[in-house]
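Peer 1: with the sequence up front, the predicted model follows.
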Amino acid sequence: MDWIKKAGWDIKDEDVKKQNVLILAPIQYGVQDMEDFQEYFTPKIFEGTRQDFIRRCKKGGKYDGYTAMIWNSKVIGPLDKELVDAMPSSMRIIALRAAGYDGIDIDACAARGITVTNTPGVVSDATADTAMFLILGCLRRFSEGQTLLRQGKFMERLPRANDLAAKTIGIIGLGGIGKAIAKRANAFGMLVQYYNRRRLDIRDEAKWNVRYAAYDTLLRESDVIVVCVPLTESTRHLLSTAQFEKMKDGVVVINISRGPTIDEAALVAALDSGKVASAGLDVFEFEPRVSEGLLSHPRCTLVPHMGTHTVESTKDMENLAMRNIKKFLLHGEAISPVNKVAPASSSAGDQITDTIDINQLNITLS
Ligand SMILES: O=CC(=O)O
């Protein structure tokens, strides 16, 4: 295979198809794709601790010669520089089964010649459904009602809720997930405005029935604000005290992206002061720990990072991870890479920012 020679790999054509592929946590639902995958490669399931993993990666260790891996951050923690440095020199591709790649040192991977792929697109619907659940829980006070009911108080003293129709929703980050939320919000009769670093072209705005707003305008003029950006250094604490102060009194704040995009202490203070009427959160700044101020707050709708926790999304993420590896090992090119790996002769690679919806967003705060 030409690409193998070009990439300077020390591997024979006929051996590519016999590769061991390390899998962190078994494939649960992508069973059909796994059958196809096994015709090409030999999956090896990792079991053990982070230290076991590092030991097996060392030169002369069990993973010598392994070129591909399907990653799962829940198994041995973040894929940080310590782990990247420990990887066998043969490692060429790490396929994530997630859209988000915070917690993955993709620059260190690129510098080691390792392509990292994620699973954009296939997570959009399930995550957008989660956002709608949170919006309904907050605006319609369904969560408060459920708590009262479980306490045997039925609807005791529950103030009237609000309809979604004719409310303005402000979506921060109109990537794949943001667009899926816009579609649903439109179906509920909401008016949709969005903020993106790069504005959509006018035809796309018409297609998604969304109106562009400057960041401060979105903060000032939305009844519901949804955070839909990936976590990067520039999106950490995207919403904090200064931003909450600009919002309408009684705003609803929703987060289905990554917890640290919102300053959780500032959110609790804004909830306590009544500035923020209610918050719907799927993600938390110090996950799995959740601030007491949120847990005890009656007007919060909280779920434990369940955005993609469905059979269908898990299956699609697993399948895309396997397809990324298959295409890469057989044709030298992945389907959804998130970093650009330099050819063998040059040094470190760059991050790809211009091909995938959710990853396009790199909001710079003014
Ligand atoms: O959080 C879920 C994902 O990143 O896919």
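Peer 2: Yes, it's here.
Peer 1: contacting residues for the residue of the stretch 1-150 of the chain found nearest the ligand?
Peer 2: Residue nearest to the ligand within the stretch 1-150 of the chain: Gly100 (3.2 Å; C-beta to the nearest ligand atom). C-beta: built from backbone N, CA, C; applies to glycine. By C-beta atoms under 8 Å, 6 or more residues apart in numbering, Gly100 lies in contact with 118, 230-231, 257-258.
Peer 1: then Thr308?
Peer 2: Going by C-beta under 8 Å, 6+ apart, the list of residues near Thr308 reads 98-99, 123, 126-127, 314, 317.
Peer 1: okay, and which of the residues you listed map to helices?
Peer 2: Those of these mapping onto helices are 126-127, 314, 317, per DSSP state H.
Peer 1: farthest pair within those residues?
Peer 2: Across those, the longest distance by C-beta to C-beta is 12.8 Å; it joins Thr127 and Thr314.
Peer 1: between those two, which one's more packed in?
Peer 2: A direct count of neighbours by other C-beta atoms under 10 Å for Thr127 and Thr314 places Thr127 higher, at 24 against 19.
Peer 1: which residue comes closest to the more buried one once chain neighbours are left out?
Peer 2: The spatial neighbour of Thr127 that comes closest, neighbours along the chain excluded (C-beta to C-beta, 6 or more residues apart in numbering), is Gly307 at 4.2 Å.
Peer 1: with Val16 instead?
Peer 2: Nearest to Val16 is Leu329, by C-beta to C-beta, 6+ apart, at 5.8 Å.
Peer 1: can you tell me how far that neighbour sits from the ligand?
Peer 2: Distance of Leu329 to the ligand, computed by C-beta to the nearest ligand atom, to the nearest Å: 23 Å.
Peer 1: list the contacts for that residue?
Peer 2: Going by C-beta under 8 Å, 6+ apart, Leu329 touches 16, 19, 40-41, 67-68, 92-93.
Peer 1: lowest-pLDDT helix or strand in this protein?
Peer 2: Scoring the helices and strands of the chain by mean pLDDT, DSSP states H and E places strand 350-351 at the bottom, with a mean of 43.
Peer 1: need phi/psi at Ala206.
Peer 2: Here is the backbone geometry of Ala206 (degrees, to the nearest 10): phi -70, psi -40.
Peer 1: now it: how far from Cys138?
Peer 2: Per C-beta to C-beta, to the nearest Å, Ala206 is found 29 Å from Cys138.
Peer 1: more crowded one of those two?
Peer 2: Neighbours per residue (other C-beta under 10 Å) separate Ala206 from Cys138, with Cys138 holding more: 26 against 10.
Peer 1: helices or strands up against the helix or strand containing the more buried one?
Peer 2: Secondary-structure assignment from DSSP states H and E places Cys138 in helix 124-139. Applying 3 or more C-beta pairs under 8 Å, 6 or more residues apart in numbering; DSSP states H and E, one finds that helix 124-139 contacts helix 176-187, strand 224-227, strand 251-255, strand 276-281, strand 300-302, helix 311-331.
Peer 1: next up, the contacts around the nearest residue to Leu79 once chain neighbours are set aside.
Peer 2: Of all residues not flanking Leu79 in the chain, Ile104 sits nearest, at 4.5 Å (C-beta to C-beta, 6+ apart). By C-beta under 8 Å, 6+ apart, the residues touching Ile104 are 71, 73, 78-79, 94, 96, 116.
Peer 1: hmm, Val84 is touching Cys109, no?
Peer 2: Yes - at 5.6 Å, Val84 counts as touching Cys109 under the criterion of C-beta atoms under 8 Å.
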